[in-house]
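Novice: Provided below for reference: sequence and predicted model.
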Amino acid sequence: MIEIFILILTVFFINLILKKKKLLSNTTGQLHQIYNQEYQVPLSGGLFIIGYFYYYNQHFDLILILYLSFFFLLGLFTDLNLIKSPLYRFLLQILLFILFINHLEMAIYDVRIEWMNNLLENYYFNIFFSLFCFLVLINGSNFIDGNNGISLGYFLIIFLLLFYLIEKNSIFFENDFIFSFIFILTFLLILNLFNQLYLGDSGVYLLSLFSGYILINLFIQNQSISPYFIVNIFWYPAFEILFSLIRKIKSKYSPLMPDTTHLHQLLFFYFLKKINLSKSILNSVTGICINMYNGTILYFASMNIYNTKIQIIFLFFSLIIYLIFYFMLTKFKKSSN
């Protein structure tokens, strides 16, 4: 516990220095200005997370640390505006993921659908499918990182569930690491909710990649677990990006460009019209509300990790509730303009 306390203090003071010196500051402009009255917030979440991985490197395969570092640098260069083209960033993601899937044997072979499993036995189709899943995860996680607390809160919930499942099922991963990582994520979440820190692309890439790595290994070690449990864990970022792509293509808008019609943005607009509080506070309230719903879904899904039918029911329930709220909030925004 003393070690964790020292790490938390280190994070706090380094972030304070970064903010004072305006290093790694958010420069994304208008989209972030919609939500906050204070714009110079360091995108330092990824820096602390990769530092934590290096500190606990004895828990990891060296190759995993290497790929975490590559994705951190890709996110960091994006945060620093050194990689401006969404297309170049996407192509680099594809390259890194193909190498990652092959070197760490992260290919997905079982989806509980016989004809699909037969296709997955083909090496090239398997790589394509696994690549698609990881791209959806990492970019979907980036899509939901639009309000304070959403991404950090979401991944905190995931690691809390992982801690519970690993403890309950005596699974491969060292729970001491997960336990201490939960403390670090909790502290980062507090800083984020109070506008002292953003995850940045570097932080989102690290958390989505690492959580995906653990959950796939969880499934490989215990294949009685339903693969749809993993789908349920990542349903929100996955559906957010897929639904967003459908909207943009339908509206003849570039799928690679950001917009302001995500669920969290519509909910923030609703709060802005209905609640007389500052943008910064409503920003964090939006993130908390989104994750209260997500946490409930993930909790109940984790109670039935071996039952595919129940997992599919939870998945459809999540999607239906999302769509109901999305269209209600869209209608409200149109009527308010």
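Specialist: Nice, I can see it. Numbering: from 1, shown residues only.
Novice: how confident was the prediction at the nearest residue to residue 52 once chain neighbours are set aside?
Specialist: Nearest non-adjacent residue to residue 52, counting by C-beta to C-beta, 6 or more residues apart in numbering: residue 184, 5.7 Å away. Glycine gets a C-beta too; all of them are placed from N, C-alpha and C. At residue 184, the pLDDT value in this model is 89.
Novice: same deal with residue 168?
Specialist: 73.
Novice: how near is it to residue 161?
Specialist: The spacing between residue 168 and residue 161, counted by C-beta to C-beta, to the nearest Å, is 10 Å.
Novice: which one's more surrounded, those two?
Specialist: Legend: neighbour count by other C-beta atoms under 10 Å for residue 168 and residue 161, higher for residue 161 (19 against 10).
Novice: so the more buried one lies in a helix, does it not?
Specialist: Yes: judged by DSSP: H, G, I helix; E, B strand; the rest coil, residue 161 forms part of a helix.
Novice: related to what we said a few turns ago, for residue 152, see how far away the residue nearest to residue 52 is.
Specialist: In terms of C-beta to C-beta, residue 184 sits 10 Å off from residue 152.
Novice: which one's more surrounded, these two?
Specialist: Higher neighbour count among residue 184 and residue 152: residue 152, with 28 against 20, using other C-beta under 10 Å.
Novice: which SS state does that one fall under?
Specialist: Applying three-state DSSP: residue 152 is helix.
Novice: run a quick neighbour tally on the nearest residue to it once chain neighbours are set aside.
Specialist: Closest residue to residue 152 apart from its sequence neighbours, by C-beta to C-beta, 6+ apart: residue 189 at 4.4 Å. Neighbour count of residue 189, defined by other C-beta under 10 Å: 23.
Novice: try residue 70
Specialist: With other C-beta under 10 Å as criterion, residue 70 counts 17.
Novice: what's around residue 233, how many residues?
Specialist: A count of neighbours around residue 233, defined by other C-beta under 10 Å, yields 27.
Novice: hmm, I typed the wrong one, I wanted residue 257.
Specialist: Neighbour count for residue 257, taken as other C-beta under 10 Å: 8.
Novice: OK, contacts around it?
Specialist: Contact analysis of residue 257 by C-beta atoms under 8 Å, 6 or more residues apart in numbering lists 86, 248.
Novice: one more: the one 4 residues further on?
Specialist: For residue 261, the residues meeting the contact criterion (C-beta under 8 Å, 6+ apart) are 244, 247, 330.
Novice: return the list of helices and strands in contact with the helix or strand that contains the first one.
Specialist: Translated: residue 244. Taking DSSP states H and E as the criterion, residue 244 maps to helix 235-250. Contacts defined by 3 or more C-beta pairs under 8 Å, 6 or more residues apart in numbering; DSSP states H and E place helix 235-250 against helix 123-143, helix 308-336.
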